[in-house]
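Q: curious how this folds, go ahead:
(one chain, ligands or ions: 1)
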Amino acid sequence: MPIYEYRCNQCGKVSSLFFRSFSVVGDAACSQCSSPDVARVISRVAVLKPKLERLESLDVDRAAGAVNQLDPSSVEHWARTTGREVDGELGTNFQEMADKVSAGERPTELYDPAYAYRYAVENKKRELRGEPEPPAPWEHPAANDPLGAVGLSEDE
Ligand SMILES: [Zn+2]
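A: Residues are numbered from 1 along each chain as shown. Below is the predicted model:
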């Protein structure tokens, strides 16, 4: 449920307004004096929460499964539509990828767009929840230390 804060331009009071859905956002009025002359207050919660909710509502498996990497026209269409939807929010470059495919390049020979999409969504959700970044597999201390990986210390 979208929650937004508004400051009333008539009486100055800040109201938290709850909307039934995103489609009715905009019919805002001051809860104190009922004036419709109100302005959105951009607060951390008000901005991040809908973003996180939107990301959590994405069907990532379905979207990731919708691209056929062996078919350039499928890749181009997928990258174009997905990029239009999420590039700005996730910092991905799927629209650029679509341009490359359109120009005859085959970036998917080196790069799995479904994996990249899934990773970008999970990474952004983690960031919005304020969770720490997990270490990359090659940064795990045990990766370069076979003894450490099985739990043996040096003096055993
Ligand atoms: Zn008011």
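
Q: count the neighbours of Gln95 for me.
A: Other residues lying near Gln95 total 16 when counted by other C-beta atoms under 10 Å. The C-beta positions use only the backbone N, C-alpha and C, and glycine is treated the same way.

Q: wait, it sits on Thr81?
A: No. Using C-beta atoms under 8 Å, Gln95 is not in contact with Thr81, being 9.5 Å away.

Q: name the next helix or strand downstream of the helix or strand containing Thr81, please.
A: Here Thr81 sits within helix 72-90, counting by DSSP states H and E. Moving toward the C-terminus from helix 72-90, the first helix or strand encountered (DSSP H and E) is helix 94-102.

Q: does Cys33 touch Cys8 like I think?
A: Yes. Using C-beta under 8 Å, Cys33 and Cys8 qualify as a contacting pair, with a distance of 6.5 Å.

Q: who's more crowded, those two?
A: Taking Cys33 and Cys8 together and counting by other C-beta under 10 Å, Cys8 has the greater number of neighbours (21 against 14).

Q: distance of that one relative to the ion?
A: Remark: distance between Cys8 and the ion (C-beta to the ion, to the nearest Å) = 3 Å.

Q: contact partners for that residue?
A: Residues near Cys8 by C-beta atoms under 8 Å, 6 or more residues apart in numbering: 14-15, 30, 32-33, 35, 37-38.

Q: among those, who's most crowded?
A: Using other C-beta under 10 Å as the neighbour criterion, Val38 leads the contacts of Cys8 with 23 neighbours.

Q: give me the neighbour count for the closest residue to it other than its chain neighbours.
A: Distances taken as C-beta to C-beta, 6 or more residues apart in numbering put Tyr6 closest to Val38, at 4.0 Å, once the chain neighbours are dropped. As a burial measure, Tyr6 scores 20 neighbours (other C-beta under 10 Å).
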